[in-house]
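>>> 3D model of this:
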Amino acid sequence: MFRRTLFDQLFEAFTRRIASRSSRRSFIGRVGAASIGAGILPLLPVDRRGGAKAAGLEGWKPQARDPMSCDYWRHCSLDGYLCLCAGGGLTSCPPGTAISPSSWVASCHNPEDGQSYLIAYRDCCGKNIARRCGCFNTVGELPIYRPEFSNDIIWCFGAEDEAMTYHCTISPVIGRAA
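Numbering: from 1, shown residues only. Below is the predicted model of the structure:
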């Protein structure tokens, strides 16, 4: 009743060859290691400096004096509105908003001390968009199908209140970049 095709025969021969050369325990171990490795990969920090030259933005000159300005060094990859202009700070959300549980990470150069730092941009959610002090820096940004390099994603998903919307973005330093 069942007619075996050439594809079926080749697939059976292939799987039998693999089964004769490996054990179930080693196969399960490899699958487990691959799934854990794939789960950890999105947690790695993202360095967006490499895309600056390709985007034609290698001439961006950060400054360390005025945090309300878009060329402040911490805002090198910020795409949104500064919480500093909405009643918050560089590291704190304005009253009436909640910090998003997730963030995107970029490496920004501080011209004052000559070091590069990892910045964990986090959205503050809960009110309508602040609409003041908009900074749309796209250093190293790629299309949205590469989410680790796209700063166009609203990171308010998973916040306490399902109806929360984007308000502004903070830029805390999480450490020195290697």
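>>> excluding chain neighbours, what is closest to Cys124?
Among residues not flanking Cys124 along the chain, Cys93 sits closest, at 3.6 Å (CB to CB, 6 or more residues apart in numbering). Where C-beta positions appear, they are placed from N, C-alpha and C, glycine not excepted.
>>> residue contacts, that neighbour?
83, 99, 124, 167-168, 170 (CB atoms under 8 Å, 6 or more residues apart in numbering).
>>> got it, and Cys83?
Cys83 neighbours (CB under 8 Å, 6+ apart): 89-90, 92-94, 124, 130, 167-170.
>>> and the residues you listed as CSV, adding secondary structure, distance to Ile28 and pLDDT?
Converted to CSV, the contacts of Cys83 look like this (DSSP: H, G, I helix; E, B strand; the rest coil; distance: CB to CB, whole Å; pLDDT from 0 to 100):
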residue, secondary structure, distance to Ile28, pLDDT
Gly89, coil, 49, 95
Leu90, coil, 47, 95
Ser92, coil, 46, 95
Cys93, coil, 44, 92
Pro94, coil, 50, 93
Cys124, strand, 44, 89
Ala130, coil, 50, 84
His167, strand, 46, 90
Cys168, strand, 47, 91
Thr169, strand, 43, 92
Ile170, strand, 43, 94
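>>> Ala64: which of these is nearest?
Leu90 (12.3 Å; CB to CB).
>>> I'd guessed the closest one sits against Pro67; true?
Yes: counting by CB atoms under 8 Å, Leu90 touches Pro67, with 5.9 Å between them.
>>> okay, and the common contacts of these two?
By CB under 8 Å, 6+ apart, the residues touching both Leu90 and Pro67 are 74, 84.
>>> all helices for the chain, in order.
6-21, 24-40, 50-54 (DSSP state H).
>>> can I get the ones you listed in CSV with mean neighbour count?
Shown next, in CSV, are these (neighbours: other CB atoms under 10 Å):
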stretch, mean neighbour count
helix 6-21, 10
helix 24-40, 10
helix 50-54, 14
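>>> turn those helices into a markdown table, columns for distance to Ala177 and mean pLDDT.
Shown next, in a markdown table, are these (distance: least, CB to CB, whole Å; pLDDT from 0 to 100):
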| stretch | distance to Ala177 | mean pLDDT |
| --- | --- | --- |
| helix 6-21 | 43 | 87 |
| helix 24-40 | 19 | 77 |
| helix 50-54 | 13 | 48 |
